[in-house]
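# no FASTA, just this:
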């Protein structure tokens, strides 16, 4: 399941905790809080992997730079005075999925601590900003998925005595698909082959305004329209095949198109195409029937 932070970041009462809204110390603790918040933003925008060691200052380190703090995660689900659980652990990569994140806070004698403010943050998707523990020491937040494949890394922090306890968990997002569809798999040299692309999230909804990175196509990148579609083309003047690859939001697909001086197995034939009516008004609902005879 989730990878969790393995240790507490211990600070004196005058020091700032991990989240800026809890900061009360000098510029150095404030910079620490900002760097950790920046770490989650960096993961979200750049698909950054947090790694396999605890988040927190390295032993003996006094620097507050992002690199010194970005250790990562370990496999324990308990960190000092806190535990964290996410249910379910896997959601569809879309805007409809929800997971409940529960944090339990207790003292050094394992007694529940009610009335503790718990702050939450997520690297992907959104989560309730804060919650307060109840009589059982539990606080819950609602995590909302996003249309992107990957692991949403979630942090929770609470002050326990003169220390700030931090735990983390992940929710896996999956099911977003990208489909490439060239109009033809073989064509003549120097001919342009239209290639259509469709981006659909895990809920089956089109994903608009998404940036798509392309290789082998005329365009190097593009943006999906309101229907989750993007149209590009492929041209090649050298006999052989061209592989077209598209990547977006953690999904990818590829297709191979052949370019030939003579089409494989080709022989002369006529192709007739007609449209009825041949002219229509540029208005919604107007249609024309296209007929192809081979």
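Everything's here; your move. All values derive from a computational prediction rather than experimental measurement. Numbers count the residues shown, from 1 in each chain.
# From now on I want contacts and neighbour counts done on CA atoms only, so please keep to that.
Fine.
# residues in contact with residue 153?
By Cα atoms under 8 Å, 6 or more residues apart in numbering, the contact list for residue 153 reads 40, 122-124, 168-171.
# quick one: which of those is nearest to residue 182?
Closest approach to residue 182 among the contacts of residue 153 (Cα to Cα): residue 124, at 32.0 Å.
# Who is the residue nearest to that closest one when sequence neighbours are not counted paired with across the strands?
Computed as Cα to Cα, 6 or more residues apart in numbering, the closest residue to residue 124 that is not its neighbour in sequence is residue 152, at 4.8 Å. Assessed by DSSP bridges, residue 152 has beta-bridge partners residue 171.
# What count of nearby residues applies to residue 281?
Neighbour count for residue 281, taken as other Cα atoms under 10 Å: 8.
# From residue 288, how far out is it?
Taking Cα to Cα, to the nearest Å as the measure, residue 281 falls 10 Å from residue 288.
# Over to residue 90?
In terms of Cα to Cα, residue 90 sits 45 Å off from residue 288.
# which one of these two has more residues nearby?
residue 90 (19 against 12).
# any idea how far residue 287 is from the residue lying closest to the more buried one once chain neighbours are set aside?
In space, and not counting its chain neighbours, residue 90 is closest to residue 172: 4.6 Å by Cα to Cα, 6+ apart. Plainly put, residue 172 is 43 Å away from residue 287 if you go by Cα to Cα.
# Out of those two, name the residue with the larger neighbour count.
More crowded of residue 172 and residue 287, by other Cα under 10 Å: residue 172, with 18 against 13.
# ok so, going back, let's see if you can find the most crowded of the contacts of residue 153.
residue 168 (32 neighbours).
# residues near residue 292, how many?
Applying other Cα under 10 Å, we find 9 residues neighbouring residue 292.
# beta partners for it?
Assessed by DSSP bridges, residue 292 has beta-bridge partners residue 273.
# hang on, isn't it packed against residue 273?
Yes. In this structure, residue 292 is within contact of residue 273 by Cα atoms under 8 Å, at 4.4 Å.
# now residue 249, nearest residue through space, not along the chain?
Nearest non-adjacent residue to residue 249 (Cα to Cα, 6+ apart): residue 148, at 4.8 Å.
# Make sure the one you found is actually in contact with residue 172.
No. Using Cα under 8 Å, residue 148 is not in contact with residue 172; the gap is 10.0 Å.
# for residue 223, what are its contacts?
Going by Cα under 8 Å, 6+ apart, residue 223 touches 208-212, 230.
# Return the members of these classed as buried.
Buried members of the contacts of residue 223, scored by 16 or more other Cα atoms under 10 Å, are 208, 210, 212, 230.
# Which two among those are spaced furthest apart?
Farthest-apart pair in these is 208 and 212; separation 10.8 Å (Cα to Cα).
# related to what we said a few turns ago, in strands, which of the contacts of residue 223 fall?
Secondary structure from DSSP state E places 211-212, 230 of the contacts of residue 223 in strands.
# Adjacent strands (with direction) for the host helix or strand of residue 258?
In the assignment (DSSP states H and E), residue 258 maps to strand 251-260. Strand 251-260 has the following strand partners under DSSP bridges: strand 186-188 (parallel), strand 240-248 (antiparallel).
# between these, which one is nearest to residue 164?
Ranking these by proximity to residue 164 (Cα to Cα) places strand 240-248 first, at 37.4 Å.
# Give me the contacts around the closest one.
So strand 240-248 is in contact with 178, 180, 210-217, 236, 252-260, going by Cα under 8 Å, 6+ apart.
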